[in-house]
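1. next come a sequence and a model predicted from it.
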Amino acid sequence: MSDPLPPPYPPDDERLADIETYLTVRLMYVRQARAAEARRREIQQRTAPPPPPPYLIQRGLDGHPHTGGRPPGHVRTRGTGAAGVSEQAARRALADRIDACAVCRPDTELGVIDG
């Protein structure tokens, strides 16, 4: 049979008071660290950028109302070099006979049928 473990703390009051002080200070540091982390998370959530628009309109060179004065090339799902637009704006652009991208097929995703 093994020897019993010694008590975890010393039996005298002076050393127990020292341990209590040490643990109180450590607890204070833990609480401060948790509060700082909560503040950091809150700031990060408030300053997070909004998600990108689900559809894009590739811009051309001259004036057109859907693309801020430049004619649209194609309506696309997410990609590069295109202005972000809402689902409703993408549907309007397709209804106004702006071509859908043949690769990403936003017209199919939106349920817009040519005709």
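-> That came in fine, so what should we check first? Numbers count the residues shown, from 1 in each chain.

2. so what pLDDT did Ile19 get?
-> According to the predicted model, the pLDDT of Ile19 comes to 92.

3. what of Leu16?
-> 89.

4. can you name the residues that contact the closest residue to it other than its chain neighbours?
-> With CB to CB, 6 or more residues apart in numbering as the criterion, Leu16 has its nearest non-adjacent residue at 6.0 Å, and that residue is Tyr9. From N, CA and C alone the C-beta is placed, and that goes for glycine too. For Tyr9, the contacting residues are 15-16, 19, by CB atoms under 8 Å, 6 or more residues apart in numbering.

5. and of those residues, the nearest to Pro106?
-> Ile19 (66.5 Å; CB to CB).

6. from Gln32, how far out is that closest one?
-> 21 Å (CB to CB, to the nearest Å).

7. I'd like to know which helix or strand in this structure has the lowest mean pLDDT.
-> Averaged element by element with mean pLDDT, DSSP states H and E, the chain has its least confident helix or strand at strand 72-77 (a mean of 63).
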